[in-house]
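Asks: No letters, just coordinates:
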DNA sequence: CGTTTGCTTGAGCAATTTCAAATCCAGTGG
DNA sequence: CCACTGGATTTGAAATTGCTCAAGCAAACG
């Protein structure tokens, strides 16, 4: 549970903790515990009291919101260096979504009630946190704009390009999305069905834009995909 | 331009400035200027450098994002007491949307570069700001969930109920939304067309749920509207 | 008044979902 | 090594939702 000798360098480079003094960092680290999250494990679940917040050291999570009738939406993916589960920082008592590891992952965890103390100690941290949440708000608005104004194919294109930016890895055939993604996942990111995603991606495959197989997507021609995402489809 | 003798009580009750010392408040007020925004005037415009942030004293604004091809989305409505235009606080150089007064309004304005100084002076302000942005993020996610999983009628119902919560005013016939709202506005809040909104609302009118006319919406039976918004529509 | 802005409504149509059925593939356990 | 199992994917056909186009009407505004 408690952590001995966590290295400062672990979190020194995380954007949220940038520009903090060594002393403050040590203080922050002293309160942290390490959490191992095997593939499929949840860091926290929707509706449960928010007792901790986290920072992902490595691996990858997806954050999912579920409607009362069981439909799911992928809120976002958590990448190494991201903080997540900061519901309490926004004065929300419970987690609004579920965060699940999609590959074996490792995270730091702090008790939620430490948040205020951290902020009080370091105004820089406050500004960083605000920026982080602000960025997420931007992303959310972008998504609302897309859901409101774009047709499915372009939404899917945007979603795939976003995945490329977050986890793109150069390979022989093109840029691989470096974690398992199903058609269902992409459907939940774009507000459509796995059937439609499948049809769209099959068409792209025929046009030589992507290559995909089971839980695996490679973008062969990012530029043409980008054009497709942006052009008004004429 | 500069403001003389703004009363502390003006902003004392605004949630964002709660729990600040009188001295800090005076300091904050000293930097503020008052901005009159007649109906139709823009506080700021999308894409323009974010030189100021604001707090609405009274009136009502709508915040709109426009796509490259001219489609519009209502991001949110600004109500008295809300801060807005804090793009810079999230390290965004420009305003991501346009804020327009939909009734004659009055706001306080501060230079964007004051933000950091304010936060440094008062950690409480930082926490309040974080909460505010956090709330907006929640709202945005709620909207994404609705856009992704609900059909038009329920989305419109949710949007109208949200307006009721923000600006509902009891009248003879029911709860009036206390500022001008067009079908187009509601369409831009729900990702549909004014035609569809019109059809939906005409049907509601026939069922005795609402009464509406030009730029005016009265919810006659909030409870039944709520049921309609929540039920899976069976 | 004439013009503009907002609202309604019908008809046809296109995009997407639903429903249904196969097929594929990775891993599992004989 | 191979058949088996279950999740993932593909695909066709039918059903549906909501959009586009088009027209007419009504209230507000100068």
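Replies: In hand now; what should we look at? Since we're looking at a predicted model, the values are computed, not measured.
Asks: use CA for all of it now, contacts and neighbours both
Replies: OK.
Asks: mind listing what residue A:156 touches?
Replies: A:186, A:187, A:190, A:197 (CA atoms under 8 Å, 6 or more residues apart in numbering or on different chains).
Asks: Low-confidence regions, chain A specifically.
Replies: A:1-6, A:232-234 (pLDDT under 70).
Asks: Would you mind listing what in it touches DNA strand C?
Replies: A:151, A:152, A:153, A:191, A:192, A:193, A:195, A:196, A:214 (CA under 7 Å from any atom of the strand).
Asks: Looks to me like residue A:212 is in a strand.
Replies: Yes - looking at residue A:212 with DSSP: H, G, I helix; E, B strand; the rest coil, it is inside a strand.
Asks: one step back: among the residues of chain A next to DNA strand C, which are in helices?
Replies: Using DSSP state H, the subset of these located in helices is A:152, A:153, A:195, A:196.
Asks: Do you have the helices of chain A handy? List them.
Replies: Under DSSP H, chain A gives helices at A:8-12, A:22-30, A:115-121, A:123-149, A:152-167, A:183-190, A:194-207, A:222-230.
Asks: Please identify which of the ones in helices among the residues of chain A next to DNA strand C is nearest to chain B.
Replies: Nearest to chain B among those: residue A:152, at 11.3 Å, using CA to the nearest CA.
Asks: one step back: of the helices of chain A, which stretch is the most buried?
Replies: helix A:183-190 (a mean of 23; mean count of other CA atoms under 10 Å in any protein chain shown).
Asks: Just the residues contacting that one, thanks.
Replies: By CA under 8 Å, 6+ apart, helix A:183-190 touches A:72-76, A:147, A:152, A:155-156, A:159-160, A:193-198, A:215, B:148.
Asks: which bits of chain A sit near DNA strand D?
Replies: So far as CA under 7 Å from any atom of the strand goes, chain A lies against DNA strand D at A:181-184, A:194-196, A:198-199, A:201-202, A:212-216.
Asks: what do you get if the cut-off is 10 Å, keeping everything else the same?
Replies: A:148-151, A:180-187, A:193-206, A:211-217 (CA under 10 Å from any atom of the strand).
Asks: number of nearby residues for the residue lying closest to residue A:148 once chain neighbours are set aside?
Replies: Among residues not flanking residue A:148 along the chain, residue B:191 sits closest, at 4.1 Å (CA to CA, 6 or more residues apart in numbering or on different chains). Other residues within reach of residue B:191, judged by other CA atoms under 10 Å in any protein chain shown, total 22.
Asks: Which residues are in contact with the residue nearest the centre of chain A?
Replies: Nearest to the geometric centre of chain A sits residue A:77, at 2.0 Å (CA atoms, centre = their mean). By CA under 8 Å, 6+ apart, residue A:77 lies in contact with A:60, A:61, A:62, A:63.
Asks: Show me how chain A divides into domains.
Replies: Structural domains annotated on chain A: A:8-146, A:150-230, as defined by automatic domain parsing.
Asks: Is it possible to get a markdown table of the residues of chain A next to DNA strand C that adds distance to residue B:222?
Replies: Shown next, in a markdown table, are the residues of chain A next to DNA strand C (distance: CA to CA, whole Å):
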| residue | distance to residue B:222 |
| --- | --- |
| A:151 | 33 |
| A:152 | 33 |
| A:153 | 37 |
| A:191 | 28 |
| A:192 | 30 |
| A:193 | 32 |
| A:195 | 37 |
| A:196 | 36 |
| A:214 | 47 |
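Asks: ok, so of those residues, who is nearest residue B:120?
Replies: residue A:191 (40.7 Å; CA to CA).
Asks: Report the contact partners of that closest one.
Replies: A:73, A:147, B:147, B:148, B:149.
Asks: List the residues that contact the closest residue to residue A:166 other than its chain neighbours.
Replies: Distance criterion CA to CA, 6+ apart; nearest residue to residue A:166, sequence neighbours excluded, is residue A:79 at 7.4 Å. With contact set as CA under 8 Å, 6+ apart, residue A:79 has these partners: A:56, A:58, A:59, A:60, A:61, A:166.
Asks: what bridges to the fourth one?
Replies: In this structure, residue A:60 has the following beta-bridge partners (DSSP bridges): residue A:103.
Asks: pretty sure it contacts residue A:107?
Replies: No - look at residue A:60 against residue A:107 with CA atoms under 8 Å: they stay out of range, at 9.9 Å.
Asks: Okay, the residue nearest to the centre of chain A and residue B:200: tell me how far apart.
Replies: Applying CA to CA, to the nearest Å, the value for residue A:77 to residue B:200 is 36 Å.
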